[in-house]
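Asker: With the input below, show me the fold.
(one chain, ligands or ions: 1)
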Amino acid sequence: MEFTDTLLQWYDRNKRTLPWRGAGDAYAVLVSEIMLQQTRAAAVIPYYGRFMAALPTVEALAECPEERLLKLWEGLGYYSRARNLKKCAQAVVAEHGGRFPQTVEELKKLPGVGPYTAGAIASIAFRRPEPAVDGNVLRVMARLMEDGETVTEQKVRDRWAAYLKSRMGDRPGDLNQAFMDLGSLICLPKSPLCESCPLAGFCGAFAHGTQADYPNRGEKKAKRQEDLTVFVVRSGDSFLVRRRPETGLLSGLYELPNQSGHLDQERIGQALTKLGVRPLGAWEIVQRQHIFTHVIWHMQVVRLNAERIEAPGWVWYTGSEPIPEAFLKCLR
Ligand code: SF4
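Answerer: Modelled structure (predicted):
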């Protein structure tokens, strides 16, 4: 028996119940797969439900104003995913009459759709024999075959994609989802649960006790470290925010007042005066950290109550402005 048959048998008994499964709908697969990039399934579930209730069709997403879209995405992070999702929906509507193309080649032409997402849509929604090679697949395959090549290299991904394409069988969508579930539940990055793994009998790393050596991720670049002072200026239930520029990190989202560096008490006072804010009582200071892909923010958060003044360029939060997770942390 091939390892793929064993994996499918395990999947039939152990698959996760996830709200986007079973629909077999290309739009649902697209939204869920984009949300699942860089975010765990358990965290995605409530966002997915809200998103699909608000924007149930590809046409609704294509027409959604950007600020509403970013609000629906608030807290999920990596906001370029939301913008690309909308561009993709617009392309499906404009170029394909609202119906997703079925081949990987055509799907990959859609904005924001890479080989993995194209493979997931083609296999799950259209039963095409296409692999969907993500970090889960790469980790499982590297361990199964004790393959030490660097999995971040495109040629290694391509090699596994070609290997798996010839083994997709007649349940390609289920096989791809079985890899996702095995990677999420059993073949975990740090401590794989090999004793419970259906593929243990096929696995070179398990046989030789070398699980920790695979996959080879190559050398990781150190993230840039940045110190920031962030101000939570409250008046009643509201606080000061402004829209960030259209380009760069967190573009188009709303930010709290902030300044580079960790300011001392005197400079905090000066910054508030410059902002036009008159504090009511003392301020408190807490520390928060946020990790982006390439940078880590070490935030000194200054929280205070203030008179509700008009600060040029700033607005009082009304509940509809999308605030990125880095700043939401400062409010909690
Ligand atoms: S036996 Fe262990 S290392 Fe091998 S695929 Fe299963 S969980 Fe991963």
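Asker: Now for the most centrally placed residue in the chain: which residues touch it?
Answerer: The centroid of the chain falls nearest to residue 38 when counting by Cα atoms, centre = their mean (3.4 Å). With contact taken as Cβ atoms under 8 Å, 6 or more residues apart in numbering, residue 38 is in contact with 77-78, 81. In this view, the C-beta of every residue, glycine as well, is placed from N, C-alpha and C.
Asker: Take these and write them to a markdown table, including pLDDT and distance to the ligand.
Answerer: Putting the contacts of residue 38 into a markdown table (pLDDT from 0 to 100; distance: Cβ to the nearest ligand atom, whole Å) gives the following:
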| residue | pLDDT | distance to the ligand |
| --- | --- | --- |
| 77 | 85 | 28 |
| 78 | 85 | 27 |
| 81 | 91 | 28 |
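Asker: near the ligand, which residues of the stretch 151-300 of the chain show up?
Answerer: Taking Cβ under 6 Å from any ligand atom, the part of the stretch 151-300 of the chain that reaches the ligand is made up of 186-187, 192-194, 197, 199-200, 203, 205-206, 211.
Asker: Just these: which are in helices?
Answerer: Judged by DSSP state H, these include 205-206 as members of helices.
Asker: Now tabulate the residues of the stretch 151-300 of the chain next to the ligand in CSV and tack on neighbour count and pLDDT.
Answerer: Output for those, formatted as CSV (neighbours: other Cβ atoms under 10 Å; pLDDT from 0 to 100):
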residue, neighbour count, pLDDT
186, 19, 97
187, 25, 98
192, 23, 97
193, 11, 97
194, 17, 97
197, 20, 98
199, 19, 97
200, 17, 96
203, 23, 96
205, 23, 95
206, 20, 96
211, 20, 95
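Asker: Which of the residues of the stretch 151-300 of the chain next to the ligand sits closest to residue 118?
Answerer: Closest approach between those and residue 118, by Cβ to Cβ: residue 187, at 23.7 Å.
Asker: was I right about that closest one contacting residue 143?
Answerer: Yes: counting by Cβ atoms under 8 Å, residue 143 is a contact partner of residue 187 at 6.6 Å.
Asker: still on that earlier bit, what's the ChimeraX line that selects buried ones from the contacts of residue 38?
Answerer: Those of the contacts of residue 38 that count as buried under 16 or more other Cβ atoms under 10 Å are selected in ChimeraX with:
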select :77,78,81
